[in-house]
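Colleague: structure, please.
(2 chains)
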There are 2 protein chains.
Amino acid sequence: MDAEIIAIGSELLTPFRQDTNSLYLTDKLNQLGVEVAFKDVVGDNLQHLTQVVQTALGRADIIILMGGLGPTEDDLTREAVSATLDVPLQRDPQQLEVLKQRFAKRGLPMSDNNLKQADVIPGATVLPNRNGSAPGQWIAGSYDGRDKIIMLLPGPPHELQALFEEQCLERLQTKLPEQFIAARVLKVAMIGESQCDARIAPIYVKYPLVQTTILANAGEIQIHLRSRANSSQAAQERVDRLAEELEEELDDAIFSTQGESLEQIVGYYLQMRSATLAVAESCTGGLIGERLTSVSGSSRYFAGGALVYSNEMKTKLADVPKKLIQEHGAVSAEVAKALAEGIRKRCGATWGLAVTGIAGPGGGTPEKPVGLVYHAVSSGEKSDVVERRFVGDRERVRRWASQQALDLLRRKLM
Amino acid sequence: MDAEIIAIGSELLTPFRQDTNSLYLTDKLNQLGVEVAFKDVVGDNLQHLTQVVQTALGRADIIILMGGLGPTEDDLTREAVSATLDVPLQRDPQQLEVLKQRFAKRGLPMSDNNLKQADVIPGATVLPNRNGSAPGQWIAGSYDGRDKIIMLLPGPPHELQALFEEQCLERLQTKLPEQFIAARVLKVAMIGESQCDARIAPIYVKYPLVQTTILANAGEIQIHLRSRANSSQAAQERVDRLAEELEEELDDAIFSTQGESLEQIVGYYLQMRSATLAVAESCTGGLIGERLTSVSGSSRYFAGGALVYSNEMKTKLADVPKKLIQEHGAVSAEVAKALAEGIRKRCGATWGLAVTGIAGPGGGTPEKPVGLVYHAVSSGEKSDVVERRFVGDRERVRRWASQQALDLLRRKLM
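Modeller: Next comes the predicted model:
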């Protein structure tokens, strides 16, 4: 069964807004074994919208419309489906009552406009929306001799997601042939995309029944595996077998096999060892701290640290000897090590992690070009340093550097 | 003239990848006075793709296809356009030569697959691609008695953008009626979306010829204004007049009128005053530092600071008296002030900025609920503190808090 997802709203045709609901829905549909064949974005224009619905009805089995269910003149989704199916909308007395109560409860007057939110396609099931005034609709019927499912869902993501999960998923499942989907995500740090693919392609091509998708970001590659079979066990086994082979090949470059982020994984390791961490950040300017503290509960292992953007601060806040900076420069292996050990001591933490580099676009020299970054980790007895030359703009260099620093710590904690 | 943008590639129909080229193209098209009426995403499937091109040809004046121009079997854009227009592809000898040279230069063998990248729609102008092997194509013709423009562009953003800017913009302009577009962006801090709209709607409704778009983020609202007229001056005047009225109404809530970010504006003010800044971050964990240092050249005014995630660090790194924390709690106006002044002195900066709060989801109490954040700024003589109760998840609370802190500093610097 193929699905078509239609996002409705003129704001989605500006340079500023983008439909993101379709990513959520695609994930849910894929889990049920349904592939998305088409996605469309169309404005608040009855003629355009009707045309898009008509086209979708001709080529997809499941049609999901998102948005255009509000009370304003611009909200035309109900009207477009009614026109396409050639059945007039009916005002639903029960839904009208729900709306009236909703407004009364809030002490708000209900305008005539709002009445249209009680308009229903004959035969549709009304899907109550507990997060908003626009109810959804579920239509299952035969058109031109083929079974079709049409869903009208509200546009705001939290309304759409709650409604879809609570009222559409099960309904949809009963309409689908029984099948089982298994999925896994492996995350890999600090390998280039082409290098990673060269290593794993010979493996995953042997598994044509597992769909392998590779996504690359600065310093992180995600390998998504998905397979469907007629038993849950068969699907899972297939995915697990491939995952195992990939883990063998990539070994400790893989940092997560259950979807966790690198900052979560580092946090797990620190907690497991009852260890604490302090950071000293120069070119990343707070990004490593921000990532670590984005994890709820990180106060159990993250002590704090210093943003040592200037040379003076490296000395003042992390006790790097002035002379060391004069001798080697602020961007050097020596200063990175001194920062890691200095901040560790200063904060009384088990581990110290530090980054110093040139994020660009200015500040580079022939010996120390933009993108040169030193990453150091210290546990008191011993410190390690990694030199890297990253390519890309300021944001990308900083992102890579934060990733390298966290991965360096992960490897020491493993 | 209406445009339709078609993104091609099965990976764009997964939950992991999204077309972003269309945002770039929409911006460029709007600047020429062209509106985007439809956007589609379709997979690497000849039948689907041909159908989508056919539909587009029936309803849009300008059709832009992105992707599917590579050498693999999955690359079917040329074939789909050829099928829709009912003209066979022709292998272009000149383009073949370009391809051969490209491969020879790199010392790579050219496989038979690559030959198809020299296939051209008869009558099309070949658009050389200096960033990749897939050239684009420009087709201008009359179909069913209406003038149409069809562009075939490569999918990778840097290839598409260079090619569009260098080879399509001017060609397109000559096909369009002469008109002029003016645009402005006003950015507003720390006002709610509905509150902002209530204040400005009575103003912008008086300007029906200016298109006003309001975008809201955590702590930031962007007001985009756009107008077209038959002289550049007329368009600019219209936009400027509305901008002036909005500036009068929103006054110093507007922090930027030329597109600058809040961290850039704070940086400008600091530089103008030859002042420096130090930060002490508790619940934001580095986010404020990260934002400030995302601006290239920020070392001129950003000294550094401390991540004071634990009570101990607040004392150790920012000299907050232990007693003060015991008396008032770490999340309090008193501690926020002490942090701002402590870090200012410690770093020898002109200004100190601090945040302490409860980002959640854990850690809240009836007196100090999740979302409670204190923001303080200190210049030595005087310190100011702002208490806020933010709503939303951890990420949102942290984002709001960083925005409030930067805006507090901005207002002091103004």
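Colleague: can you get me a residue count around residue A:106?
Modeller: Residues near residue A:106, counting by other Cβ atoms under 10 Å in any protein chain shown, number 10. Where you see a C-beta, it was placed from the backbone N, CA and C, and this is true even at glycine.
Colleague: check the gap between it and residue A:318 for me.
Modeller: Distance, residue A:106 to residue A:318, using Cβ to Cβ, to the nearest Å: 55 Å.
Colleague: residue A:274 too?
Modeller: On the measure of Cβ to Cβ, residue A:274 and residue A:318 end up 24 Å apart.
Colleague: which residues of the stretch 101-250 of chain A fall in strands?
Modeller: Secondary structure of the stretch 101-250 of chain A, counting by DSSP state E, counting those that start in this stretch: strands at A:119-120, A:125-127, A:136-143, A:146-153, A:180-189, A:210-217, A:220-229.
Colleague: so what touches the third one?
Modeller: This points to strand A:136-143. Outside strand A:136-143, the residues that touch it by Cβ atoms under 8 Å, 6 or more residues apart in numbering or on different chains are A:57, A:69, A:78, A:81, A:85, A:120-121, A:123-127, A:129, A:147-154, A:163, A:167-168, A:171, A:175.
Colleague: for the lowest-mean-pLDDT helix or strand in chain A, buried residues please.
Modeller: Within chain A, confidence by mean pLDDT, DSSP states H and E is lowest for strand A:210-217 among all helices and strands, at a mean of 88. For strand A:210-217, burial by neighbour count (16 or more other Cβ atoms under 10 Å in any protein chain shown) applies to A:210, A:211, A:212, A:213, A:214, A:215.
Colleague: worst average pLDDT in the strands of the stretch 101-250 of chain A?
Modeller: Mean pLDDT across those is lowest at strand A:210-217; the value there is a mean of 88.
Colleague: that one - contacts with which helices or strands?
Modeller: Using 3 or more Cβ pairs under 8 Å, 6 or more residues apart in numbering or on different chains; DSSP states H and E as the contact test, the elements touching strand A:210-217 are helix A:193-204, strand A:220-229, helix A:232-250.
Colleague: give me the three-state assignment for the most far-flung residue of chain A relative to its centre.
Modeller: Ranked by distance from the centre of chain A (Cα atoms, centre = their mean), the top residue is residue A:323, with 45.1 Å. What DSSP: H, G, I helix; E, B strand; the rest coil gives for residue A:323 is helix.
Colleague: for residue A:381, what are its contacts?
Modeller: With Cβ under 8 Å, 6+ apart, residue A:381 has no contacts at all.
Colleague: does it sit in a helix or strand, and which one?
Modeller: Counting by DSSP states H and E, no helix or strand carries residue A:381.
Colleague: measure it to residue A:412 for me?
Modeller: Taking Cβ to Cβ, one finds residue A:381 at 12 Å from residue A:412.
Colleague: only the C-alpha atoms, please, for the helix or strand harbouring residue A:397, written as CSV.
Modeller: According to DSSP H and E, residue A:397 maps onto helix A:394-413. Extracted in CSV, the C-alpha atoms of helix A:394-413 (Å, rounded to 0.1, in the frame of the first residue of the first chain):
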residue,chain,number,x,y,z
ARG,A,394,32.8,28.1,11.5
GLU,A,395,29.7,26.2,12.6
ARG,A,396,30.9,23.0,11.0
VAL,A,397,34.4,23.2,12.5
ARG,A,398,32.9,23.9,16.0
ARG,A,399,30.4,21.0,15.6
TRP,A,400,33.2,18.6,14.5
ALA,A,401,35.4,19.7,17.4
SER,A,402,32.7,19.1,20.0
GLN,A,403,32.1,15.7,18.5
GLN,A,404,35.8,14.8,18.5
ALA,A,405,36.2,15.9,22.2
LEU,A,406,33.2,13.9,23.4
ASP,A,407,34.4,10.9,21.4
LEU,A,408,37.9,11.2,22.8
LEU,A,409,36.4,11.1,26.3
ARG,A,410,34.1,8.2,25.3
ARG,A,411,37.1,6.1,24.2
LYS,A,412,38.9,6.8,27.5
LEU,A,413,35.8,5.8,29.5
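Colleague: how far off strand A:180-189 does it point, in degrees?
Modeller: Comparing the axes of helix A:394-413 and strand A:180-189 via axes from the mean of the first three to the mean of the last three Cα atoms, to 10 degrees yields an angle of 100 degrees.
Colleague: helices or strands next to helix A:394-413 in the packing?
Modeller: So helix A:394-413, by 3+ Cβ pairs under 8 Å, 6+ apart, packs with strand A:180-189, helix A:262-272, helix A:287-293, strand A:351-357, strand A:372-378, strand A:383-389.
Colleague: bridging residues for the nearest residue to residue A:22 once chain neighbours are set aside?
Modeller: Leaving aside its chain neighbours, residue A:22 sits nearest to residue A:5 (4.6 Å; criterion: Cβ to Cβ, 6 or more residues apart in numbering or on different chains). Counting by DSSP bridges, residue A:5 is bridged to residue A:39, residue A:64.
Colleague: these two touch, right, residue A:5 and residue A:25?
Modeller: Yes: look at residue A:5 against residue A:25 with Cβ atoms under 8 Å: they come within range, at 5.7 Å.
Colleague: list residues touching both of the two?
Modeller: Both residue A:5 and residue A:25 are contacted by A:36, A:64, A:66, under the criterion Cβ under 8 Å, 6+ apart.
Colleague: what's the closest of these to chain B?
Modeller: residue A:36 (4.8 Å; Cβ to the nearest Cβ).
Colleague: quick one: that closest one is in a helix?
Modeller: No: under three-state DSSP, residue A:36 sits outside any helix and is assigned strand.
Colleague: my read is that it contacts residue A:22, right?
Modeller: Yes: Residue A:36 is within contact range of residue A:22, at 7.5 Å (criterion: Cβ under 8 Å).
Colleague: how near is the closest residue to residue A:407 other than its chain neighbours to residue A:84?
Modeller: With Cβ to Cβ, 6+ apart as the criterion, residue A:407 has its nearest non-adjacent residue at 4.2 Å, and that residue is residue A:189. As judged by Cβ to Cβ, residue A:189 and residue A:84 stand 49 Å apart.
Colleague: with residue A:154 instead?
Modeller: Residue A:154 is 19 Å from residue A:84, by Cβ to Cβ.
Colleague: look at the two and report which has more neighbours.
Modeller: Taking neighbours as other Cβ under 10 Å, residue A:154 and residue A:84 compare with residue A:154 leading, 26 against 21.
Colleague: burial count for the nearest residue to the more buried one once chain neighbours are set aside?
Modeller: Among residues not flanking residue A:154 along the chain, residue A:134 sits closest, at 4.6 Å (Cβ to Cβ, 6+ apart). Residue A:134 is flanked by 24 other residues according to other Cβ under 10 Å.
Colleague: residue A:134 contacts residue A:153, correct?
Modeller: No: at 9.1 Å, residue A:134 and residue A:153 do not qualify as touching, with contact defined as Cβ under 8 Å.
Colleague: mutual contacts of those two, please.
Modeller: A:69, A:159.
Colleague: follow-up on the earlier one: so what touches the least confident helix or strand of chain A?
Modeller: Under Cβ under 8 Å, 6+ apart, the answer for strand A:210-217 is A:193, A:196-197, A:200, A:204, A:221-227, A:238-239, A:242, A:399, B:11, B:14, B:16-17.
Colleague: one more time with 6 Å, if that's ok
Modeller: A:193, A:204, A:222, A:223, A:224, A:225, A:226, A:227, A:238, A:239, A:242, B:16 (Cβ atoms under 6 Å, 6 or more residues apart in numbering or on different chains).
Colleague: which parts of chain A sit against chain B?
Modeller: Listed as neighbours of chain B in chain A under the rule Cβ under 6 Å from any Cβ of the partner chain: A:13-16, A:23, A:26-27, A:36, A:38-42, A:55, A:215, A:285-287, A:289-290, A:293, A:296, A:299, A:302-310, A:313, A:361, A:394.
Colleague: circling back: now the strands of the stretch 101-250 of chain A as CSV including distance to residue A:46?
Modeller: Shown next, in CSV, are the strands of the stretch 101-250 of chain A (distance: least, Cβ to Cβ, whole Å):
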stretch, distance to residue A:46
strand A:119-120, 14
strand A:125-127, 22
strand A:136-143, 17
strand A:146-153, 15
strand A:180-189, 38
strand A:210-217, 38
strand A:220-229, 38
